[in-house]
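[1] This is the structure alone, sequence omitted:
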């Protein structure tokens, strides 16, 4: 297999891993009320808080590297799907905790700020999905089906690795 194709698979795995780590870490932070500065949460910030900035920085690096690798490997450019996955997954977190605050609010049972953020994030993630669906035929022409399947497998493996990794930190 060509080095560029291996690089594309590695960056696809890495992007999925980082995105999943961010999603899972965000859920943990939201369970604490979304505040983790010194004294904001009982006992301060959790020991795994470093996962949030590291997953953002490494995730961006993986996506930019995948764009570079994709020019040589001719696989699926993951930039737009990664954007949608990021905003739809984090939007889901906001909506889930907005409608089910789990003790974050007293009273109505909803948390309006989280709901508003969730709606904005879902819109930001859904628009590229609509564009991808509109241009799907032209975008898929000339792609190597085996490489596309391997990229999908790398992304799934990245998600599973992130779940294992985050659960090992908890």
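    Great, that's in hand. Computed from a predicted model, the values in this text were never measured in an experiment.

[2] Which secondary structure element of the chain has the lowest mean pLDDT?
    Lowest by mean pLDDT, DSSP states H and E among the helices and strands of the chain is helix 136-140, with a mean of 64.

[3] Give me the buried positions along the next helix or strand after that one.
    For helix 136-140, the following helix or strand on the C-terminal side (DSSP states H and E) is helix 145-169. Residues 147, 150-151, 154-155, 158-159, 161-162, 166 are the ones in helix 145-169 that count as buried (16 or more other CB atoms under 10 Å). Where you see a C-beta, it was placed from the backbone N, CA and C, and this is true even at glycine.

[4] Assign residue 25 to helix, strand or coil.
    helix (DSSP: H, G, I helix; E, B strand; the rest coil).

[5] residues contacting it?
    Residue 25 sits next to 48-49, 51-52, 55, 166 when contact means CB atoms under 8 Å, 6 or more residues apart in numbering.

[6] wouldn't residue 148 be in contact with residue 77 here?
    No - proximity of residue 148 to residue 77 does not meet the contact threshold set by CB atoms under 8 Å, at 11.2 Å.

[7] show me where the chain has helices.
    3-31, 51-73, 79-99, 112-134, 136-140, 145-169 (DSSP state H).

[8] So which of these is the most surrounded?
    Stretch with highest mean neighbour count among the helices of the chain: helix 3-31 (a mean of 21; mean count of other CB atoms under 10 Å).

[9] Looking at it now, give me its mean pLDDT.
    Helix 3-31 comes out with an average pLDDT of 93.

[10] now do stretch 148-166
    Mean predicted confidence for stretch 148-166 is 95.

[11] what's it in contact with?
    Residues outside stretch 148-166 that contact it (CB under 8 Å, 6+ apart) are 5, 8-10, 12-21, 24-25, 28, 48, 51, 75-76, 78.

[12] Neighbours of residue 143, how many?
    13 (other CB atoms under 10 Å).

[13] and what of residue 102?
    Residue 102 has 11 nearby residues by other CB under 10 Å.

[14] contacting residues for the spatially most central residue of the chain?
    Centroid check for the chain by CA atoms, centre = their mean gives residue 19 as the closest residue, at 2.8 Å. Residues near residue 19 by CB under 8 Å, 6+ apart: 55, 59, 82, 85-86, 89, 158, 162.

[15] got it, and residue 65?
    Residue 65 sits next to 7, 11, 14 when contact means CB under 8 Å, 6+ apart.

[16] Distance of residue 135 relative to residue 47?
    Separation of residue 135 from residue 47 (CB to CB, to the nearest Å): 44 Å.
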